[in-house]
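*Asks:* Attaching a predicted model along with its sequence, questions to come.
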Amino acid sequence: MSEPSSEQNFPAVDHPTATATGHQSVDLASLATSLAADPTTDWARVETWSAFIPPQARSLITLVNWQEAPYQQWAFQHMRELMPSHLIEAAADPSPLLAGSVDINGVAVEGSKWNTVGETLAGTDTDGFLILRGDRVISEQYFGSMNSRTRHLVMSVTKSIVSCVAATLVAEGRLDPAAPVERYVPELANTGYAGARVRDVLDMRTGVKFSEAYLDPDAEVRIMERSMGWAPRKEDDPLGMYPYILTIKSEGRHNDVFTYRSIDTDTLGWICERAADQRMADMISARIWQPIGAQNDAEITADPLGVAIHDGGLSCTLRDMARFGRLLRDRGRVGDHQVISASWIDDAYDRPDDVRDAFARSDNEPYLTGGWYRNKFWFIPGDNGPILLCLGIHGQMIFVDRAHNLVGVKQSSWPTPQDPAKLAGTISAFKAIGRHLSAS
């Protein structure tokens, strides 16, 4: 990766080989001779090699540490400098967002450890925050190095975008949610996905063996990350996302309890690419990003084989994230254009009873009580109907409250992947804003 300059708000971590005056304290010629004699090139030696970078630079952010504090805030805003990325082209004629301004930081928040919206933003590692009511931006705030042009990693919000790509393929008759996954990717017949339907991967109700325990270095989610290039690959790890999927085993029945498995969305992405004979970045651009009137290009990280990371690799600006949320709020419509079928959204809101039951029996019920998961969207009860959520680890969120005509988006840099208090506090803040605006 290219090393950023000190003008890019690089995390203030002193370089281990720099003196107080900023000059190198090692003999670089001797170090170079020593390293040249040792063929080791693994990531464990990266800090030693980093002695060669300019003295004004800070410690390297690499594939080893980019998801860890304090590095994650910079990394989430510079993904294209860490790993290969595909461009997702924006619209030639962006959809306008009307200007407006309402001071919502003093709005009281109930049932949270933070008493106001402002306290919530300060306490939940916020990088960007925006409230859209109708077509009007009534609050837009950036923190640290973020600005309106910054592309920020949205993690698993990407899943909801891939869902909308799938929706367009269903509408064209290219994809059938009731079909077995092997119809589109025959190679899956020899994996734990054998016998699963497209519907099962859409709703994360497959029976494959996959742990999403982010803090366990041996969990399948971490093996997957190493295979797809989000972390240094180990000798026995598959090279690439799709080769990793082919190693997946079964541990239960399909169409049973909801279990959050990122690998299901990567499998859905593979199915979509086969159904359309097109790569995901180009489908997102043509089918979603340009039709919603996105103002800025987005990007999505790619694995060593050039495959997009469907489960969480997309980075975009805060405003374009809000435009996507508006699409969901308005039943798939932008102006006079139906981008995705209203039935795709309606089916998620008006879920079958077994979808709610599958969620109630899951580990997520205590945190999102009364909720469900359908078509890669989360739902929770609201004051006057369900609230749709798109969620990503480290605090990425789209909050869609149709009853209050409101879309809220938040991009964050939580130090840990999951934080129940910050999740609950953020949801409570969005709910409080909706109530406040409706009452004013």
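*Replies:* Noted; the coordinates are in hand.
*Asks:* C-alpha only now, for contacts and for neighbours.
*Replies:* Noted.
*Asks:* Next, give phi and psi for Leu132.
*Replies:* Leu132 adopts backbone torsions of phi -120, psi 120, taken as degrees, to the nearest 10.
*Asks:* Tell me, how many residues neighbour it?
*Replies:* 25 (other CA atoms under 10 Å).
*Asks:* so it bridges to which residues?
*Replies:* Val137, Val407 (DSSP bridges).
*Asks:* Report the rounded mean pLDDT for stretch 226-240.
*Replies:* Averaged over stretch 226-240, pLDDT sits at 96.
*Asks:* if we look at it, which residues are touching it?
*Replies:* Residues from elsewhere that reach stretch 226-240 (CA atoms under 8 Å, 6 or more residues apart in numbering): 43, 63-64, 83, 223, 225, 241, 244, 302-305, 307, 309.
*Asks:* same thing with stretch 100-109?
*Replies:* Taking CA under 8 Å, 6+ apart as the rule, stretch 100-109 contacts 115-119, 136-139, 428-429, 432-433, 436.
*Asks:* Recalculate using a threshold of 7 Å.
*Replies:* The contact list for stretch 100-109, computed with CA atoms under 7 Å, 6 or more residues apart in numbering, reads Asn115, Thr116, Val117, Gly118, Arg136, Val137, Ile138, Ser139, Ser428, Ala429, Ala432, Ile433.
*Asks:* Wait, a strand at Ser315?
*Replies:* Yes - counting by DSSP: H, G, I helix; E, B strand; the rest coil, Ser315 falls inside a strand.
*Asks:* Assign Ile387 to helix, strand or coil.
*Replies:* The three-state label given to Ile387 by three-state DSSP is strand.
*Asks:* Pull the contacting residues for it.
*Replies:* By CA under 7 Å, 6+ apart, Ile387 lies in contact with Phe379, Ile380, Pro381, Val400, Asp401.
*Asks:* of those residues, buried ones?
*Replies:* Among the contacts of Ile387, those buried by neighbour count (16 or more other CA atoms under 10 Å) are Phe379, Ile380, Val400, Asp401.
*Asks:* any idea which of those residues is closest to Pro420?
*Replies:* For the buried ones among the contacts of Ile387, the closest approach to Pro420 (CA to CA) belongs to Ile380, at 14.8 Å.
*Asks:* Name the strands paired with whichever strand or helix holds the closest one and say parallel or antiparallel.
*Replies:* Assigned by DSSP states H and E, Ile380 falls within strand 377-382. In the sheet, strand 377-382 lines up against strand 372-374 (antiparallel), strand 385-392 (antiparallel) (DSSP bridges).
*Asks:* Among the contacts of stretch 100-109, which one is most surrounded by other residues?
*Replies:* In terms of neighbour count, Ala429 stands highest of these at 27 neighbours, by other CA under 10 Å.
*Asks:* residue ranges for the strands of the protein, please.
*Replies:* Taking DSSP state E, the strands of the chain run over residues 85-88, 98-99, 126-133, 136-142, 152-153, 298-301, 314-316, 333-334, 337-338, 372-374, 377-382, 385-392, 396-401, 406-412.
*Asks:* quick check, nearest of the contacts of stretch 100-109 to Ser341?
*Replies:* Sorting the contacts of stretch 100-109 by how near they are to Ser341, with CA to CA, puts Arg136 at the top with 24.0 Å.
*Asks:* I figured that closest one hits Pro96, correct?
*Replies:* No - shown here, Arg136 and Pro96 do not form a contact pair, counting by CA atoms under 7 Å, at 9.2 Å.
*Asks:* who touches stretch 77-87?
*Replies:* Contacts for stretch 77-87 (CA under 7 Å, 6+ apart): 1-2, 62, 150-153, 281, 297-302.
*Asks:* about what we covered before: redo the strands paired with strand 377-382 as JSON lines? Include distance to Gly128 and mean pLDDT.
*Replies:* Output for the strands paired with strand 377-382, formatted as JSON lines (distance: least, CA to CA, whole Å; pLDDT from 0 to 100):
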{"stretch": "strand 372-374", "distance to Gly128": "26", "mean pLDDT": "98"}
{"stretch": "strand 385-392", "distance to Gly128": "14", "mean pLDDT": "98"}
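*Asks:* Just the closest of the buried ones among the contacts of Ile387 to Gly392, please.
*Replies:* The closest of the buried ones among the contacts of Ile387, once distances to Gly392 are taken by CA to CA, is Phe379, at 14.0 Å.
*Asks:* how about the closest one, what does it touch?
*Replies:* The contact partners of Phe379, by CA under 7 Å, 6+ apart, come to Gly371, Trp372, Tyr373, Pro386, Ile387, Leu388, Leu389.
*Asks:* Contacts only, for the second one.
*Replies:* Contacts here follow CA under 7 Å, 6+ apart; on that basis Trp372 touches Val355, Arg356, Phe359, Trp378, Phe379, Ile380.
*Asks:* Show me which pair in these is furthest apart.
*Replies:* Greatest spacing in the contacts of Trp372, by CA to CA: Val355 and Ile380 (13.0 Å).
*Asks:* Could you break this protein into its assigned domains?
*Replies:* Using automatic domain parsing, the domain parsing of the chain gives 6-60, 139-439.
*Asks:* Identify whichever of the ones you listed lies nearest to Ala90.
*Replies:* Closest of the domains of the chain to Ala90 is domain 139-439, at 4.5 Å (criterion: CA to CA).
*Asks:* nearest spatial neighbour of the residue minimising distance to the centre of the chain, skipping sequence neighbours?
*Replies:* Relative to the mean C-alpha position of the chain, the nearest C-alpha, by CA atoms, centre = their mean, is the one of Met155, at 1.5 Å. Once flanking residues are discounted, Met155 sits nearest to Gly312: 4.0 Å by CA to CA, 6 or more residues apart in numbering.
*Asks:* before we move on, what about Ala342?
*Replies:* What sits nearest to Ala342 in space, not counting adjacent residues and going by CA to CA, 6+ apart, is Arg331, at 4.8 Å.
*Asks:* before we move on, the earlier item: residues near the residue nearest to Met155, how many?
*Replies:* 24.
*Asks:* Roughly how far does it sit from Leu327?
*Replies:* For Gly312, the distance to Leu327 equals 20 Å [CA to CA, to the nearest Å].
*Asks:* Straight-line length of stretch 359-370, end to end?
*Replies:* For stretch 359-370, the end-to-end distance is 8 Å (CA to CA).
*Asks:* Would you mark the buried spots in that stretch?
*Replies:* By 16+ other CA under 10 Å, the buried positions in stretch 359-370 come out as Phe359, Ala360, Asn364, Leu368, Gly370.
*Asks:* Distance from the chain centre to that stretch, please.
*Replies:* Centroid separation for stretch 359-370 versus its chain: 21 Å, with CA atoms, centre = their mean, to the nearest Å.
*Asks:* max-length helix in this protein?
*Replies:* With secondary structure taken from DSSP state H, the chain has its longest helix at helix 420-439.
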